[in-house]
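Peer 1: Got a predicted structure here, sequence first:
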Amino acid sequence: MPVMNLTETRIRDIEPGSGIWRDEQVRGLMVVSHKTTKTYAVQGDVRRNGRHVRTVRVKIDRVDRIGLREARRRARELMSQIQSGIDPTSKPDETGITLKQALEVHLSERTFRPSTEESYRYNLDHQLVRFRGRAVADLTRADVRELFEEMKIKRGKTTAGGAMRVLRALINTARRVDETIGPNPCSSLRIPAPPKRQVEMLDIARWWIETDKLSPMRRDLHRAMLLTGARRSSILSVRRADVDLDRAVLTFRHMKIGGPMMLPMGRRLTEMLKTRLAADVVLGSEWLWPSSTSACGHVVEPKEKRRGDLPSSHEYRHLARTLFIASGAPYAESALLLGQKLPGASGGYIHPEHLIEHLRPFMQAFEERVFAARTERLLPPSSGALS
């Protein structure tokens with residue numbers, strides 16, 4: 001194998017088909033002369049822990065495409081990798097991970113709420129069933145586009161969009177596991193955002209009369225949903241032990257953001273729950289909102305089927321946020337009272353459990369506004385919507 005001090009002229013003069021010519025200046029660099037082309041390449045031994053692993057040869061480029069200086073620069077970079085024990089010719093192993101396997105990996109990476117995990121599995125078993133057993137690497141843009149268009153016609157844009165968001169997340173998880181998988185095919189889709197929920201303005205005076213027609217426990221539940229603005233899962237899972245009447249603090253242990261939340265209660269809410277606890281003590285239930293017909297022992301559906309004019313739990317949450325601000329609560333305080341994380345890095349430094357007494361005046365002002373509106377129509381009649 002000839003060795004020479006390569007120059008542009010000498011490379012040009014190398015006879016076609018004459019084989020390999022090594023460079024004196026850069027270790028490992030060579031010119032391979034084929035019958036019709038000449039190519040720069042680098043060759044070296046991969047060693048790990050003093051042991052020879054393999055000899056590798058890496059093509060750099062044809063001599064008519066790059067100059068000798070560039071070839072030497074690339075050769076030095078490649079030899080640096082080789083001498084460090086890295087094989088530049090090796091590629092990630094293909095796993096052949098399927099969408100079903102990707103789901104299990106996705107769910108194992110963090111703790112999801114049971115309802116969230118159920119939603120992922122439902123989408124895979126129903127909306128994405130044709131892809132469930134297929135290797136993620138085999139899914140194409142045409143495949144996902146065809147399914148998306150079909151679902152929009154048969155099940156609507158909202159359902160189709162939700163399924164595609166699940167599919168996108170699972171493919172991204174598979175790509176983290178298998179580096180050989182190409183770009184996410186869902187990137188070619190314009191997935192519609194979920195529609196904004198429209199919440200009608202609440203005539204509190206009329207609403208109060210309507211809630212009076214419910215059973216005492218259901219009546220108090222609806223009023224508590226408005227007076228706390230809590231998420232459905234948070235307020236329904238409150239236990240009797242979570243109501244601290246002495247401190248006027250209500251603890252929500254089932255929170256979307258994780259961890260418990262301690263909410264300062266207004267005077268009227270405190271009195272209402274005190275009466276509720278006393279009335280239900282004979283039931284011997286651990287729950288604040290007990291139900292003898294529910295398998296879990298507490299109310300699971302707060303929406304009144306026969307009274308469609310009463311808001312849902314999430315509509316109460318929208319209304320509470322609006323009323324907090326209307327009562328003078330600043331944006332940050334109203335967010336904390338609803339159990340929301342503040343944006344930005346500083347939000348992680350705020351611990352609402354240490355701000356209970358700071359937040360209490362805003363909660364009390366909000367409560368006073370609601371109770372005053374029982375007779376004084378501080379909010380206009382139903383004529384608009386809150387987004």
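Peer 2: The structure has been received and is ready for your questions.
Peer 1: Going along the chain, name the strands of the stretch 251-387 of the chain.
Peer 2: Ranges of strands in the stretch 251-387 of the chain, per DSSP state E, counting those that start in this stretch, are 261-264, 385-386.
Peer 1: Where among these is average confidence lowest?
Peer 2: Mean pLDDT values for these show the minimum at strand 385-386, a mean of 42.
Peer 1: report the longest helix in the protein, please.
Peer 2: Taking DSSP state H as the criterion, the chain has its longest helix at helix 157-177.
Peer 1: Could you list the residues in contact with that helix?
Peer 2: With contact meaning C-beta atoms under 8 Å, 6 or more residues apart in numbering, helix 157-177 is reached by 95, 97, 99, 101-103, 105-106, 109, 119-120, 123-124, 127-128, 131, 136, 139, 144, 148, 151-152, 181, 184-186, 189, 191-195. (Each C-beta comes from the backbone N, C-alpha and C, glycine too.)
Peer 1: Among the residues you listed, which ones are in helices?
Peer 2: Using DSSP H, the contacts of helix 157-177 in helices are 99, 101-103, 105-106, 119-120, 144, 148, 151-152.
Peer 1: Closest one of these to V63?
Peer 2: V144 (43.5 Å; C-beta to C-beta).
Peer 1: And the closest residue to that closest one other than its chain neighbours, how far from F112?
Peer 2: Distances taken as C-beta to C-beta, 6 or more residues apart in numbering put P185 closest to V144, at 4.8 Å, once the chain neighbours are dropped. The gap separating P185 from F112 is 24 Å, by C-beta to C-beta, to the nearest Å.
Peer 1: more crowded one of these two?
Peer 2: Higher neighbour count among P185 and F112: P185, with 19 against 14, using other C-beta atoms under 10 Å.
Peer 1: where does the stretch 101-250 of the chain have low pLDDT?
Peer 2: Under the criterion pLDDT under 70, the flagged ranges of the stretch 101-250 of the chain are 197.
Peer 1: can you pull out the strands in it?
Peer 2: Assigned by DSSP E, counting those that start in this stretch, the stretch 101-250 of the chain shows strands spanning 199-200, 243-244, 249-252.
Peer 1: Who are the contact partners of T55?
Peer 2: T55 touches 43-46, counting by C-beta under 8 Å, 6+ apart.
Peer 1: Mind checking which of the residues you listed are buried?
Peer 2: In those, burial by neighbour count holds for 43-44, 46, counting by 16 or more other C-beta atoms under 10 Å.
Peer 1: Now intersect these with the strands, please.
Peer 2: 43-44, 46 (DSSP state E).
Peer 1: Looking at these, spot the one nearest S234.
Peer 2: V46 (57.3 Å).
Peer 1: what's the distance between the closest residue to that closest one other than its chain neighbours and R47?
Peer 2: Excluding its sequence neighbours, the residue lying closest to V46 (C-beta to C-beta, 6+ apart) is V53, at 4.5 Å. V53 sits 6 Å away from R47, going by C-beta to C-beta.
Peer 1: Are there residues contacting both of the two? Which ones?
Peer 2: Once C-beta under 8 Å, 6+ apart is applied, the residues that V53 and R47 both contact turn out to be G85.
Peer 1: how near is E8 to H354?
Peer 2: For E8, the distance to H354 - C-beta to C-beta - is 73 Å.
Peer 1: got a list of what I325 touches?
Peer 2: 331, 334.
Peer 1: Return the distance of stretch 153-169 from the chain's centre.
Peer 2: Its chain's C-alpha centre and that of stretch 153-169 lie 16 Å apart, by C-alpha atoms, centre = their mean, to the nearest Å.
Peer 1: show me the contacts for the residue nearest to V144.
Peer 2: Counted by C-beta under 8 Å, 6+ apart, P185 has contacts 139-141, 143-144, 171.
Peer 1: For the buried ones among those, write the corresponding ChimeraX selection.
Peer 2: The ChimeraX selection below is limited to those of the contacts of P185 classed as buried (16+ other C-beta under 10 Å):
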select :139,144,171
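Peer 1: returning to that earlier point: and the least confident of the buried ones among the contacts of T55?
Peer 2: Out of the buried ones among the contacts of T55, that is V46, at 90.
Peer 1: The residue nearest to L338 when sequence neighbours are not counted and V299, how far apart?
Peer 2: In space, and not counting its chain neighbours, L338 is closest to G229: 5.0 Å by C-beta to C-beta, 6+ apart. The gap separating G229 from V299 is 18 Å, by C-beta to C-beta.
Peer 1: What of M4?
Peer 2: From M4 to V299 the distance is 88 Å (C-beta to C-beta).
Peer 1: Who has more neighbours out of those two?
Peer 2: Neighbours were counted for M4 and for V299 using other C-beta under 10 Å; V299 has more, 19 against 14.
Peer 1: give me every residue that touches that one.
Peer 2: Neighbours of V299 in contact, by C-beta under 8 Å, 6+ apart: 221, 236, 289-291.
Peer 1: Can you pull out the residues in contact with stretch 242-262?
Peer 2: Stretch 242-262 is contacted by residues 113, 228, 230-231, 233-235, 237-239, 263-267, 269-270, 273-274, 277, 288, 339-341, 352-353, 356, 360 when judged by C-beta under 8 Å, 6+ apart.
Peer 1: which ones among these are found in helices?
Peer 2: 228, 233-235, 267, 269-270, 273-274, 277, 356, 360.
Peer 1: mind checking how far R175 is from S187?
Peer 2: For R175, the distance to S187 - C-beta to C-beta - is 11 Å.
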